[in-house]
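Asks: predicted model follows, preceded by the sequence.
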Amino acid sequence: MQRLFDINPSIDVTTASTVFARDHRVQIRDFLTDHTARVVRRVLQHETPWGTAWQAGTNGPSSMRQQELRAMPADRRTALAAAVNTAAASRDYAFRFAHYPMVHAYIEKWNARGLHDLLVEHLNDAPFLNLARAVTGIPELIKADAQATFFSAGDFLALHDDSHAAEGRRVAYVLNVADDDWHTDWGGYLNFLDDDGDVVAGWRPRFNALNLFRVPQRHQVSYVPPFARASRFAVTGWLRDR
């Protein structure tokens, strides 16, 4: 396998597991070696054929490949954006961001043995899964799914809790490779909310940071405003027990 995903050997697993047991979430900074984190960043920034994912209330969830998105007439793109915004304004569930469905692409051989396929294999290999089991205290974790995500101006992911028990979701993960200088005013935060709607924890997009959190858990990705000058790249998914 190409060295694409070397985990930082100095991670303090004991401390991370203590935080996860207490809070049901943890952020591990400098998760990969700096070199491989920058390779992952390059793959997402320069070598990913970005499509889009969205939901507008009961319309969706839906996704579209890059070639479909490019072929969509401008008026349809405008209507889609308006539908997502209208749903969000009406407090219906909504989201919009660029994505590349890595596991789906792997299964359908969109780019067999390409770098995205190698990333999927690394996420399902022993080093990552063993570390996830150790940090979360969940030995039943047997596989990871994955999508590449890219949040830029106008993108967001509304409040939800990832509750799909039948799919075996136990832990959500976000491997962030956002710009090093992500500004606090640029949104894109992974926020956790209590039942009163108050933010009880929020993590700024960071370069080379792994977020792990038990599901179900109420969370959102905050709106990225039009003046944001950077890009929130990440690999996200769930760790499953089936």
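Replies: Perfect, I can see it now.
Asks: which helices and strands sit right next to the longest helix along the chain?
Replies: When the chain is parsed with DSSP state H, its longest helix is helix 74-89. Contacts defined by 3 or more C-beta pairs under 8 Å, 6 or more residues apart in numbering; DSSP states H and E place helix 74-89 against strand 51-56, strand 94-100. Every C-beta, even on glycine, is put in place using the N, C-alpha and C of the backbone.
Asks: and it with strand 51-56, angle?
Replies: 50 degrees (axes from the mean of the first three to the mean of the last three C-alpha atoms, to 10 degrees).
Asks: okay, helix 74-89 in PDB with CA atoms only?
Replies: Taking Å, rounded to 0.1, in the frame of the first residue of the first chain, the C-alpha atoms of helix 74-89 are listed here in PDB:
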ATOM      1  CA  ALA A  74     -27.800  27.200 -14.200                       C
ATOM      2  CA  ASP A  75     -31.500  27.700 -13.400                       C
ATOM      3  CA  ARG A  76     -31.700  24.200 -11.900                       C
ATOM      4  CA  ARG A  77     -28.700  24.900  -9.700                       C
ATOM      5  CA  THR A  78     -30.300  28.100  -8.600                       C
ATOM      6  CA  ALA A  79     -33.600  26.300  -7.800                       C
ATOM      7  CA  LEU A  80     -31.800  23.600  -5.900                       C
ATOM      8  CA  ALA A  81     -29.900  26.100  -3.700                       C
ATOM      9  CA  ALA A  82     -33.200  28.000  -3.100                       C
ATOM     10  CA  ALA A  83     -34.900  24.700  -2.100                       C
ATOM     11  CA  VAL A  84     -32.200  23.900   0.400                       C
ATOM     12  CA  ASN A  85     -32.300  27.500   1.900                       C
ATOM     13  CA  THR A  86     -36.100  27.400   2.100                       C
ATOM     14  CA  ALA A  87     -36.100  24.100   3.900                       C
ATOM     15  CA  ALA A  88     -33.500  25.400   6.400                       C
ATOM     16  CA  ALA A  89     -35.500  28.600   6.900                       C
END
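Asks: let me know the outermost residue of the protein.
Replies: Outermost residue of the chain with respect to the C-alpha centroid, by C-alpha atoms, centre = their mean, is residue 75; its distance is 28.9 Å.
Asks: quick check: the gap between it and residue 81.
Replies: With distances taken as C-beta to C-beta, to the nearest Å, residue 75 is found 11 Å from residue 81.
Asks: same question for residue 5.
Replies: Residue 5 sits 34 Å away from residue 81, going by C-beta to C-beta.
Asks: okay, those two: which has more neighbours?
Replies: residue 5 (23 against 14; other C-beta atoms under 10 Å).
Asks: next up, phi/psi of the closest residue to that one other than its chain neighbours, please.
Replies: What sits nearest to residue 5 in space, not counting adjacent residues and going by C-beta to C-beta, 6 or more residues apart in numbering, is residue 122, at 3.6 Å. Note on residue 122: its backbone torsions stand at phi -60, psi -40 [degrees, to the nearest 10].
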